[in-house]
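# with the sequence up front, the predicted model follows.
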Amino acid sequence: MEPSRRFKLVAGFVGLVIVLGLAVWYVQQQMVRAGKVTGTIKAIDITLRQATLEFTHPKNGTRQILSGEAAPDCVILIDNQPAEFSDLRVGDVAQVEGNIHMGPKLIATRVQVQRASTTSSAPSSSPASQPVTTTSAPAE
């Protein structure tokens, strides 16, 4: 094989490898990205720490479903108070931050819920403000 033909063949092969490498890099970059989504919790599995969220896509306005799970160190706040995953309820409107993987699947690192009612079941960091009193019936 003459030198110029061999050079062209090697250069073409190296170019192909570079293009394939860039394609793989691009796909990997698209596979996981940080994101934030606000939507309504439609389903929860407390044991597996998984939930399904329905939200409106910000670009096209369509309603979409996103499944995901809470990372072990996920921060959960209900009415700005620390909470547990088990305190979340179907119907809560949640703002979720985390990493969105291809699929799509969300691994939540922060979940924040604001509940409108004051009779929320969110955990309280202080004891009840009203004292608890007990009375017993008079002995007969």
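Right, received. Where do you want to start?

# and Asp45, what are its bridge partners?
Asp45 has these beta-bridge partners by DSSP bridges: Gln50.

# so it is in contact with Gly68, correct?
No. If you go by CB atoms under 8 Å, Asp45 and Gly68 don't touch, sitting 11.1 Å apart. For glycine as for every other residue, the C-beta is placed from the backbone atoms N, C-alpha and C.

# any residues in contact with both of these two?
Common neighbours of Asp45 and Gly68, counting by CB atoms under 8 Å, 6 or more residues apart in numbering, are Ala51.

# who's more crowded, those two?
Between Asp45 and Gly68, counted using other CB atoms under 10 Å, Gly68 has the larger neighbour count: 23 against 11.

# run the chain-centre distance for the least confident helix or strand in the chain by mean pLDDT.
The weakest-scoring helix or strand in the chain, judged by mean pLDDT, DSSP states H and E, is helix 3-31 (a mean of 80). Relative to the mean C-alpha coordinate of its chain, helix 3-31 is positioned 36 Å out (CA atoms, centre = their mean, to the nearest Å).

# ok, now stretch 76-88?
Here the centre of stretch 76-88 is set off from its chain's centre by 14 Å, with CA atoms, centre = their mean.

# again, but for stretch 35-45
The chain centre lies 7 Å from the centre of stretch 35-45; the measure is CA atoms, centre = their mean.
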